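> model this:
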Amino acid sequence: MAGAAPYRSVAVIGAGAWGTALASAAARAGRNVMLYARDPAQAQAIQAARENKRLPGMTIDAAIDVTSDIARAARADIVLLVAPAQATRAAATALMPHLREGTPVVACAKGIERGSRKFMTEVIAEALPRAMPAILSGPGFADDVARGLPTAVTLAADDDALAQALVHALGSATFRPYHTTDIRGVEIGGAAKNVLAIAAGIVAGRQLGASALAALTTRAFAELTRLGLACGARAETISGLSGLGDLILSCSSPQSRNFSLGIALGRNERPSRDKLSEGEFTAPVLAELAAARGVDMPVATAVAAILAGTVTIDAAIQQLLARPFRAEG
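Numbering: from 1, shown residues only. Prediction:
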C-alpha cells in the first residue's frame, strides 16, 4: 500500500476545533471529506456559513460536506473519531450500526477511559469490532493545522501496511504524519503529556522560574518514559513526536489547554471551562494505571491529588521537593 492512497473519502466524527482542523487537513490532502456534527442545527450553521465558531477566523473549505447524518458519514473509507476521550465510547457506539467491515477508525483523542482504564484503540476495538483501530497523536494545535502551518504527527496501527496507507491518505505538504505500529507508545505519550502539562502550567502560574519549568519538564519525560516502557511501548516512540515532542509543546505553549489550566491553578484562579482539558479527566486514571504497574510517577500523582482537592499546590510542591535525592533517570 505504501506510496499510494487507496482511501479516497474521509469522515471526521466531531465538529469541534480539532475535528474541523483535521477535516481541513484531509481536504488539503485531496480527500473527499465529510464533517459530522451531532447537532443538526450546528451542522446546518457550519454548512451555510463555512465557518465554525469553535475555530474562529477560519474559512472551511467549500469541498467539505458538513452533516448530522451519521449513517452517511460512516460510509467513508476512513473515519477519524474526534470525540473527547471520555466520549469516545459513546461516539463509537453510535457509529457501530452503520460501519462497514474493515473500515479504519482512527482515534484522535489523547486520554484513558475512566473506570475501564482502557486506551482509545481498545475502546474502539470493543465498541466497533468490525473496525480497524488506529491512533493519531503528536504535537499540533487546531489553529496551526487549520491554517495549513507545518505540523508533524504520529499515526499508529497494528498493521504497518495500514499505517502507511493512512499516512499517504491524510498527509500533505504541510501535514506530515509519521507511521508506526507502536500503538501503545503513541497512546501513552498523548495521554500522559496532558496530565504532565498541567504540572508545567502550575509551575509557570506560580512563577517558580524557568529553571524549575525546565526541571519539571525533564522529570515529566522521565515519568512518561517509565510508564511507557512498563506498558510495552518502544523507546523510540516515547522519545519521538508523540512522546517527547508533544510533551515539550504542551508544557510551553499557552495554546495548550492543559498548560493553561495549570497556569490558572497556579495563580489560584478559577479555570476557564470554555474548552476541554483532557488531562483533568485523565489524571486520576493515569495515577491508577501507574500504581497498578508499579511505576513511580510522583508528578502525575501530585497533579491528580491537586485536581481531586486532597492536597494543596503548596503542599504538593513541598512533597516533591522533599523526595530523596536519586540518580538521573
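> where exactly do the strands run in the stretch 1-150 of the chain?
For the stretch 1-150 of the chain, the strands defined by DSSP state E, counting those that start in this stretch occupy 9-13, 32-36, 65-67, 78-81, 104-107, 132-137.
> What's the mean pLDDT across the fourth one?
Strand 78-81 shows an average pLDDT of 98 in the prediction.
> ok, it: who's next to it in the sheet?
strand 9-13 (parallel), strand 104-107 (parallel) (DSSP bridges).
> Just put these in a markdown table and tack on mean pLDDT and distance to Ile306.
(C-beta placed from N, C-alpha, C; glycine too.) Shown next, in a markdown table, are the strands paired with strand 78-81 (pLDDT from 0 to 100; distance: least, Cβ to Cβ, whole Å):
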| stretch | mean pLDDT | distance to Ile306 |
| --- | --- | --- |
| strand 9-13 | 98 | 33 |
| strand 104-107 | 98 | 28 |
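> Can I get these in JSON lines including mean neighbour count?
What follows is the strands paired with strand 78-81, written out as JSON lines (neighbours: other Cβ atoms under 10 Å):
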{"stretch": "strand 9-13", "mean neighbour count": "26"}
{"stretch": "strand 104-107", "mean neighbour count": "26"}
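> can I get the ones you listed in a markdown table with distance to Pro284?
Listed next are the strands paired with strand 78-81 as a markdown table, based on distance: least, Cβ to Cβ, whole Å:
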| stretch | distance to Pro284 |
| --- | --- |
| strand 9-13 | 26 |
| strand 104-107 | 20 |
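> what's the closest of the strands of the stretch 1-150 of the chain to His168?
For the strands of the stretch 1-150 of the chain, proximity to His168 was assessed by Cβ to Cβ; strand 78-81 is nearest, at 11.3 Å.
> what about that closest one, distance to the chain center?
14 Å (Cα atoms, centre = their mean, to the nearest Å).
> likewise stretch 111-120?
13 Å.
> So what touches that stretch?
Residues outside stretch 111-120 that contact it (Cβ atoms under 8 Å, 6 or more residues apart in numbering): 81, 84-86, 88-89, 107, 109, 122-123, 126, 135, 183-184, 187-188, 190-191, 194, 278, 281-282, 284-286, 288-289, 292.
> what comes up buried for that stretch?
Gly111, Ile112, Glu113, Lys118, Phe119, Met120 (16 or more other Cβ atoms under 10 Å).
> Equivalent analysis for stretch 200-210, please.
Buried positions in stretch 200-210, judged by neighbour count with 16+ other Cβ under 10 Å: Ala200, Gly201, Ile202, Val203, Ala204, Gly205, Arg206.
> just the CA coordinates of it, formatted as CSV?
Presented in CSV, the C-alpha positions along stretch 200-210 are these (Å, rounded to 0.1, in the frame of the first residue of the first chain):
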residue,chain,number,x,y,z
ALA,A,200,4.1,22.6,34.0
GLY,A,201,1.3,25.1,33.9
ILE,A,202,1.2,25.2,37.7
VAL,A,203,5.0,25.9,37.8
ALA,A,204,4.5,28.7,35.4
GLY,A,205,1.5,30.1,37.2
ARG,A,206,3.3,30.0,40.5
GLN,A,207,6.2,31.9,38.8
LEU,A,208,8.7,29.4,40.1
GLY,A,209,11.1,30.3,37.3
ALA,A,210,12.5,28.9,34.0
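> Please shift the residue numbers so they start at 816 in all later answers.
Got it, first residue is 816 now, which makes that one stretch 1015-1025.
> Show the average pLDDT along it.
Here the average pLDDT along stretch 1015-1025 is 96.
> related to what we said a few turns ago, out of the strands paired with strand 893-896, nearest to Gly834?
strand 824-828 (4.9 Å).
> Pull the contacting residues for the residue nearest to the spatial centre of the chain.
Per Cα atoms, centre = their mean, the C-alpha nearest to the average position across the chain is that of Lys925, at 2.9 Å. Under the criterion of Cβ under 8 Å, 6+ apart, the neighbours of Lys925 are Ala900, Ser952, Glu1002, Gly1005, Ala1006, Lys1008, Asn1009, Glu1093, Thr1097.
> From Ile1121, how far out is Gly1081?
10 Å (Cβ to Cβ, to the nearest Å).
> Which neighbours do those two have in common?
Ile1017, Ile1128.
> quick one, helices of the stretch 916-1065 of the chain?
935-942, 957-961, 975-985, 998-1020, 1025-1045, 1050-1053, 1061-1065 (DSSP state H, counting those that start in this stretch).
> looking at those, which is closest to Ala841?
Ala841 lies closest, by Cβ to Cβ, to one member of these: helix 975-985, at 5.9 Å.
> If you compare the directions of that closest one and strand 824-828, what angle comes out?
Helix 975-985 runs at 90 degrees relative to strand 824-828, counting by axes from the mean of the first three to the mean of the last three Cα atoms, to 10 degrees.
> buried set for helix 975-985?
Buried positions in helix 975-985, judged by neighbour count with 16+ other Cβ under 10 Å: Leu977, Ala978, Gln979, Ala980, Leu981, Val982, His983, Ala984, Leu985.
> can you check stretch 822-840 too?
So, applying 16+ other Cβ under 10 Å, buried residues of stretch 822-840: 822, 824-840.
> Next: stretch 855-862.
Gln857, Ala858, Ala860, Ile861, Gln862.
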